[in-house]
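> Kindly return the folded structure for what I paste below:
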Amino acid sequence: MGLLLAFGAAAKSKIDPMPTENTRSYSALSDGTSSTLGNTMKLSRTSASFTKLKGELKLQYSDVWKGGTDTEFDGDVYKVLNADAFFSQNKGKNGFCDEPVLWLTVKDISSQIGSGAVRIGMLSIDDWRKYKADSSGACSADTFTLK
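Now for the predicted structure:
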């Protein structure tokens, strides 16, 4: 009986799609993401890469952003350590950002669209804490699901 209960609990456990120490692969879900970023994102707590872009974003955890309902750019916030270098490798590619991405946000949206889903936001504003939904500085917001 105990084994049966343990199996049932494991089967109902939620997949945590948030970044880990190990790089994991995610599939693009948003319309248009495959043409701008590609079909696959590889993400960890220290890097992010996309199949349509060269190189990888080097990341450093900054804080948790509780943006509320008026923004798509909340969740865990990561500073992009190689923003200028990554931008110079990818400038003008398929609608990629017009300015270097300075911040990457990652939000678990599994409760909204299904297990394993994350919303990835890219911001080019100097201080992510000053971003407002009606201000400039947002570059991209795309949805991915853990493979």
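> For residue 110, see how far away residue 15 is.
7 Å (C-beta to C-beta, to the nearest Å). C-beta: built from backbone N, CA, C; applies to glycine.
> and what of residue 143?
Using C-beta to C-beta, residue 143 is found at 11 Å from residue 110.
> Mind pulling up the pLDDT for residue 95?
Here the pLDDT value assigned to residue 95 is 71.
> before we move on, what about residue 108?
94.
> what does residue 9 give?
41.
> can you check residue 114 too?
On the pLDDT scale, residue 114 gets 91.
> What's the local residue count around it?
For residue 114, the neighbour count with other C-beta atoms under 10 Å is 11.
> Tell me how many other residues crowd residue 64.
When counting by other C-beta under 10 Å, one arrives at 11 neighbours for residue 64.
> Spatially nearest residue to it (excluding sequence neighbours)?
Nearest non-adjacent residue to residue 64, counting by C-beta to C-beta, 6 or more residues apart in numbering: residue 76, 5.9 Å away.
> Now for the one you found, which secondary structure element holds it?
strand 75-80 (DSSP states H and E).
> Show me what that strand is packed up against.
Contacts defined by 3 or more C-beta pairs under 8 Å, 6 or more residues apart in numbering; DSSP states H and E place strand 75-80 against strand 57-65, strand 103-108, strand 117-123.
> Okay, buried residues for the helix or strand just after that strand please.
Using DSSP H and E, the helix or strand that directly follows strand 75-80 along the chain is helix 83-90. By neighbour count on 16 or more other C-beta atoms under 10 Å, the buried set for helix 83-90 is 83, 86, 87, 90.
> circling back to that earlier point, CA atoms of the strand holding residue 76 as PDB?
The C-alpha trace of strand 75-80 is given here as PDB (Å, rounded to 0.1, in the frame of the first residue of the first chain):
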ATOM      1  CA  GLY A  75       9.900  36.400 -12.000                       C
ATOM      2  CA  ASP A  76      13.600  35.600 -11.400                       C
ATOM      3  CA  VAL A  77      15.800  38.300 -12.800                       C
ATOM      4  CA  TYR A  78      19.200  37.700 -14.300                       C
ATOM      5  CA  LYS A  79      21.800  40.300 -15.200                       C
ATOM      6  CA  VAL A  80      23.400  39.600 -18.700                       C
END
